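Enquirer: Quick one: sequence plus predicted model below, questions after.
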Amino acid sequence: MAGHNKWSKVKHIKGAVDAKRAKIFSKLSREIFVAVKEGASDDPDLNPRLRMVLLKARQANMPSDNVQRAIQKATGEGGHSVFLDLTYEIYGPQGVAIMAEISTDNKNRTAAEIRHILTKHGGAIASAGSVTRLFHRKGQIMIARDEASEEKVMELALEAGAEDFLADPEGYEIITDPNQFETVLQTIEGAAIPTMSATVTFLPELLSPVSVDSVPAIQKLIDMLDDHDDVTNLHTNVEFPQ
């Protein structure tokens, strides 16, 4: 999830307990299945969507056996499910904006379940375009500070065509145009610098600060949406207080 803390989601996935990790792997298996079906190919070189999901699976330390099972299911006789990609535009408590990317084989069921979560936790469906206009699509690469020097990472990133380079106490963030994402990532990986996270995502134009009192309600809504089986990615502009 992008927005509320650019490092928290990475750490959350990498440090997930077994039950949560199983949930993450299940979602990734579905994403792999859909990517193979929609791209009509199980070759990552010919299927950009699959290539991106496999990168996510690698970063989540998903076992290769799980990955292969998902690919085989999609290419085998039993893989006939049809999934629809949707984006829900949501306003949460204090007007924070949330984009939920969804992949579902039953649009009506998913709609009912998402609306139930929103009703119970102070969210509401936004009018079309009112939330998406608050975000821009960018490549984002996250690197832990102890993996390389700031000077080296910045030089590699900018020479490879990155739009921006940001450094803070936890690490480095590289922002790219979506079309330059793979070129920049290959440059970083070619220099043997491990990444914590690398994806094309939606980043907020501006963050929306919230009060301390509202944090539990906002976090609960985000957690409930993130936990839904059909939600593949969440993006929010919320800025929690330190």
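Expert: Cool, got the structure.

Enquirer: where in the chain is pLDDT low?
Expert: 1-19, 77-80 (pLDDT under 70).

Enquirer: The longest strand seen in it: how far from the chain's middle?
Expert: Taking DSSP state E as the criterion, the chain has its longest strand at strand 135-144. Relative to the centre of its chain, strand 135-144 is centred 10 Å away, using C-alpha atoms, centre = their mean, to the nearest Å.

Enquirer: now what about it, what contacts it?
Expert: Applying C-beta atoms under 8 Å, 6 or more residues apart in numbering, the contact partners of strand 135-144 are 2, 6-7, 10, 97, 99, 153, 157, 163, 170-178, 180-181, 184-185, 188, 193-205, 235, 237. For glycine as for every other residue, the C-beta is placed from the backbone atoms N, C-alpha and C.

Enquirer: any idea where the strands of the protein begin and end?
Expert: Going by DSSP E, the chain shows strands at 84-91, 97-104, 124-125, 135-144, 164-168, 171-176, 197-204, 208-209, 231-236, 238-239.

Enquirer: Show me what counts as buried in the first one.
Expert: Think strand 84-91. The neighbour-count check on strand 84-91 (16 or more other C-beta atoms under 10 Å) flags Tyr88, Glu89, Ile90, Tyr91 as buried.

Enquirer: ok so, going back, list the neighbouring strands of the longest strand of the chain plus their orientation.
Expert: Looking at strand 135-144 with DSSP bridges, its partner strands are strand 171-176 (antiparallel), strand 197-204 (antiparallel).

Enquirer: so can I have TSV of those strands showing mean neighbour count and distance to Asp45?
Expert: What follows is these, written out as TSV (neighbours: other C-beta atoms under 10 Å; distance: least, C-beta to C-beta, whole Å):
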stretch	mean neighbour count	distance to Asp45
strand 171-176	23	20
strand 197-204	20	17
